[in-house]
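1. Sharing a model prediction with you, sequence too.
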Amino acid sequence: MSLLAIDKLSIRYGDSLAVADIGFSIEKGESVGLVGESGSGKSQTALAILGLLPATASVSGSIRFDGQELLGADNKTLDQLRATRVAIVFQDPMQALNPFVTIGAQLQRILLRHDIGTASGARNRVVEMLARVGLPDASRQYAAFPHELSGGMRQRAMIASALLAGPDLLIADEPTTALDVTVQAQILDLLEDIREDTSLLLITHDLGVVAGRCERMLVVEKGRLVEQGMTRDIFTRPQHEHTKALIKAAPRLTDSGAAAAKLGEDVLAISGAEVRYRSKGGQVIPAVRDVDLSVSEGETLAVVGESGSGKSSLVRAALGLVPMHAGRVVYCGDQLAAGLGDRSKATRRGMQLVFQDPTGSLNPQMRVASIVGEPLLVHEAGLSAKERRQKAAAMLDKTGLSGEFLDRYPHELSGGQAQRVAIARALILEPKVLVCDEAVAALDGTVREQILRLLRRVQEESGLAIIFITHDLAVVRAVSHRVLVMYLGRLVEMASNEALFGRPRHPYTRALLDAVPVPDPDNAGGRTTVIGEVPSALQPPQGCAFHPRCPHAKSVCQEQRPEATNLDETLVSCHLATELA
């Protein structure tokens, strides 16, 4: 008898069919990947297993867990099942954790709610589990609130809460989507190591994650199960066209970089950049320290690093969106004022930004035509409403959206469509520099590929200079001409695409590359080669900031900060660069 058996599961919301006749099973101790794009019904299926669908959902079919029918079961039956036998790790721990209750108290409630041990025994068990999932100083984290932990630490706490009662089935719903690649590798390693005999249903749109972690995989499209089988068999011999499209769209480190471009003069150059913030307690937080970069006409420069590395602060300071403590910014040969308000209208027009979350950056009360045309109200005030609408329609057409989208609101768009609208709004002013800040991080594989193709086409047609901020090295490999790697506010390596991916010089760059999950079951990658997370900028390590996590660190690394030196075609800040080359 299968641990979980789903048969002809259908979920409706009014006339909309979210899941249609899905059926699959999971055996005891088995790991299964559920793969599909946003809106394909993955999360709806997971919520149905736990009886967490909203009252507006109409559900039919059968969900049997260890022989017990769950559809139609009362809350008492489901409460006995949740956490103790079936547990879930949600995508966003900040949404799942109570911000007003400490981590320890939230986890302790799970044990006490299900009568597992005494209050004192429950506390000890929680601390032990927090330590087991890799939280440093578990006793201190027990008393911490969710906002006091980093994203990776919060997700570890979520995994601890899910495994606390020893469930038979763990459902992990996009558990690493918002995490840095190194933290993602650590979390996936943790799930693999700690679950022991617990079955795993891993829900994701990242085929690289499934390739290296799941024995079997299920592929869903628009609420229907279109293919299932052993992971290796599906990757080597996919049968359904949707599966083939997903595998083809998955980025790989072996993909060649952006085509060689005829680069013009530097459009934007930053030298000696220093960015500092102040904490609520008045402490100075150095976010960027003495960093130089430049980007030329027709070039894509990728800026990569983990959260807290300073990549967004660096570029936003260049755009005038945050104050620059020191350094200079030169745009088209002219040195710019530090603040955005002190810059000319032509300069502001020439540098545009696309944010990570399109729905968060689009006004929900405005239609697409008004959103895309709004910059023209400032920079081409003489245009009539009809002319603005025509320009908006033409720009949407360039991004692959027809005129029918002009009168839609943001909530009526998919994630990919919303990002196209955000790009259209940035490009309507015909800028010379476009900054994409994690602009494809939250998108599905096929949609991500469409957006990247769009940016490449616009660049080829107009000579646009692009600064691409991301933590996804596989995307960087596909789109960039040069790559700048940052760590704790400093440059650690800068090289051409081919040089950096062919022969990385800095141990941190190597760690980032090693952690990238590869959509190939025989060479899946995505393994942890460094531990921990980026240290606090308030108390950076002495010497090389990376030395506490570096597997090659020597005494000199702890004592002296390395200067950036040229090594062949690479600028690298590492005492051991020549030894490790």
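-> In hand now; what should we look at?
2. Relative to Ala122, how far out is Asn75?
-> Asn75 sits at a distance of 23 Å from Ala122 (criterion: Cβ to Cβ, to the nearest Å). Every residue, glycine included, has its C-beta placed from N, CA and C.
3. swap that for Thr399, please
-> For Thr399, the distance to Ala122 equals 54 Å [Cβ to Cβ].
4. neighbour count winner among those two?
-> Using other Cβ atoms under 10 Å as the criterion, Thr399 and Ala122 rank with Thr399 on top: 23 against 19.
5. which ones are touching the nearest residue to Lys8 once chain neighbours are set aside?
-> The shortest distance from Lys8 to any non-neighbouring residue, by Cβ to Cβ, 6 or more residues apart in numbering, is to Gly61 (4.2 Å). Applying Cβ atoms under 8 Å, 6 or more residues apart in numbering, we find Gly61 in contact with Ile6, Asp7, Lys8, Leu9, Ser10, Asp21, Ile22, Gly23, Leu71.
6. what's the neighbour count on the nearest residue to Met351 once chain neighbours are set aside?
-> Nearest non-adjacent residue to Met351, counting by Cβ to Cβ, 6+ apart: Val433, 4.5 Å away. Residues lying near Val433 (other Cβ under 10 Å) number 21.
7. doesn't Arg348 make contact with Val433?
-> No: contact criterion Cβ atoms under 8 Å: Val433 and Arg348 do not qualify, at 11.2 Å.
8. pretty sure Leu200 belongs to a helix, no?
-> No: with DSSP: H, G, I helix; E, B strand; the rest coil as the criterion, Leu200 is assigned strand and is not in a helix.
9. Ramachandran coordinates for the residue nearest to it when sequence neighbours are not counted?
-> Using Cβ to Cβ, 6+ apart and skipping the chain neighbours, the partner closest in space to Leu200 is Ser31 (4.2 Å). Recorded main-chain torsions at Ser31 are phi -110, psi 130, according to degrees, to the nearest 10.
10. By mean pLDDT, which helix or strand of the chain comes out lowest?
-> One helix or strand of the chain scores below all others by mean pLDDT, DSSP states H and E: helix 358-361, with a mean of 77.
11. Surely Gly489 is in contact with Tyr277?
-> No: checked against Cβ under 8 Å, the pair Gly489 and Tyr277 is beyond contact range at 11.0 Å.
12. Spit out the residues that contact these two alike.
-> By Cβ under 8 Å, 6+ apart, Gly489 and Tyr277 have these common neighbours: Ala287.
13. Between those two, which is the more surrounded one?
-> Shown here are Gly489 and Tyr277; by other Cβ under 10 Å, Gly489 has more neighbours (27 against 14).
14. Any buried residues in stretch 30-44, and which?
-> Applying a neighbour-count criterion of 16 or more other Cβ atoms under 10 Å, one finds 30-37, 40-44 buried in stretch 30-44.
15. any weak-confidence spans in the chain?
-> Applying pLDDT under 70 to the chain flags residues 178, 256-262, 442, 524-529, 532, 581.
16. Domain map for it?
-> Following automatic domain parsing, one gets these domains for the chain: 4-249, 266-505.
17. Distance across the longest one, terminal residue to terminal residue?
-> Terminal residues of domain 4-249 lie 31 Å apart, using Cα to Cα, to the nearest Å.
18. what about that domain, distance to the chain center?
-> Relative to its parent chain, domain 4-249 has a centroid offset of 18 Å by Cα atoms, centre = their mean, to the nearest Å.
19. quick revisit: between the buried residues of stretch 30-44, which is nearest Pro93?
-> Checking these against Pro93 with Cβ to Cβ, the nearest one is Ser43 at 15.4 Å.
20. give me the beta-bridge partners of the residue lying closest to that closest one once chain neighbours are set aside?
-> Using Cβ to Cβ, 6+ apart and skipping the chain neighbours, the partner closest in space to Ser43 is Asp173 (5.6 Å). Assessed by DSSP bridges, Asp173 has beta-bridge partners Ile203.
21. How much space separates Asp173 from Leu383?
-> Applying Cβ to Cβ, the value for Asp173 to Leu383 is 46 Å.
22. outside of stretch 176-183, which residues touch it?
-> The contact list for stretch 176-183 (Cβ under 8 Å, 6+ apart) reads 91-92, 151-152, 155, 184, 187-188, 204-206, 209, 306-307, 441-442, 471-473, 511-512, 515-516, 528, 530, 533.
23. Which elements pack onto the host helix or strand of Val421?
-> Per DSSP states H and E, Val421 falls inside helix 415-427. Identification of packing neighbours for helix 415-427 by 3 or more Cβ pairs under 8 Å, 6 or more residues apart in numbering; DSSP states H and E yields strand 351-354, helix 358-361, helix 368-379, helix 385-398, helix 445-462.
24. Note down every partner strand of the helix or strand following it and its orientation.
-> Later in the chain than helix 415-427, the nearest helix or strand by DSSP H and E is strand 433-437. Paired neighbours of strand 433-437 in the sheet (DSSP bridges): strand 351-354 (parallel), strand 465-470 (parallel).
25. Select, out of those strands, the one closest to Asp407.
-> Closest to Asp407 of the strands paired with strand 433-437 is strand 351-354 (Cβ to Cβ; 22.6 Å).
26. got the contact list for the closest one?
-> Here strand 351-354 makes contact (Cβ under 8 Å, 6+ apart) with 268, 316, 318-319, 321, 331, 419, 422-423, 426-427, 429, 431-437, 439.
27. and those residues, which are buried?
-> Taking 16+ other Cβ under 10 Å as the criterion, what is buried in the contacts of strand 351-354 is 268, 316, 318-319, 331, 419, 422-423, 426-427, 429, 431-437, 439.
28. surely Pro551 meets Pro507?
-> Yes: using Cβ under 8 Å, Pro551 and Pro507 qualify as a contacting pair, with a distance of 6.9 Å.
29. just the helices and strands packed on helix 415-427: most buried one?
-> Neighbour counts (mean count of other Cβ atoms under 10 Å) averaged over each of the helices and strands packed on helix 415-427 peak at strand 351-354, with a mean of 23.
30. Can you tell me the closest non-neighbouring residue to Thr347?
-> The shortest distance from Thr347 to any non-neighbouring residue, by Cβ to Cβ, 6+ apart, is to Tyr331 (5.9 Å).
31. ok, now which ones touch the one you found?
-> Tyr331 sits next to Val267, Leu268, Thr347, Gly350, Met351, Val433 when contact means Cβ under 8 Å, 6+ apart.
32. can you tell me which two in the residues you listed are farthest apart?
-> Val267 and Thr347 (11.5 Å).
33. of these two, who's got more company?
-> For Val267 versus Thr347, neighbours defined as other Cβ under 10 Å are more numerous around Val267 (24 against 19).
34. Name the next helix or strand downstream of the host helix or strand of the more buried one, please.
-> Element membership of Val267, judged by DSSP H and E, is strand 266-278. Using DSSP H and E, the helix or strand that follows strand 266-278 in sequence is strand 284-296.
35. Give me the angle between that following strand and strand 465-470.
-> Here the directions of strand 284-296 and strand 465-470 differ by 140 degrees (axes from the mean of the first three to the mean of the last three Cα atoms, to 10 degrees).
36. Tell me which other helices or strands strand 284-296 touches.
-> Using 3+ Cβ pairs under 8 Å, 6+ apart, strand 284-296 sits against strand 266-278, strand 300-304, helix 311-318, strand 465-470, strand 490-496.
37. Give the buried residues for that strand.
-> Using 16+ other Cβ under 10 Å as the burial criterion, the residues of strand 284-296 that qualify are Pro286, Ala287, Val288, Arg289, Val291, Leu293, Ser294, Val295, Ser296.
38. residues in contact with the fourth one?
-> By that I understand Arg289. By Cβ under 8 Å, 6+ apart, the contact list for Arg289 reads Glu274, Gly310, Gly489, Arg490.
39. Return the set of residues that bridge with the first one.
-> Spelled out, it's Glu274. Bridge pairing for Glu274 - DSSP bridges - gives Arg289, Ala326.
40. what about stretch 462-478, how long is it end to end?
-> Start-to-end span of stretch 462-478 (Cα to Cα) is 20 Å.
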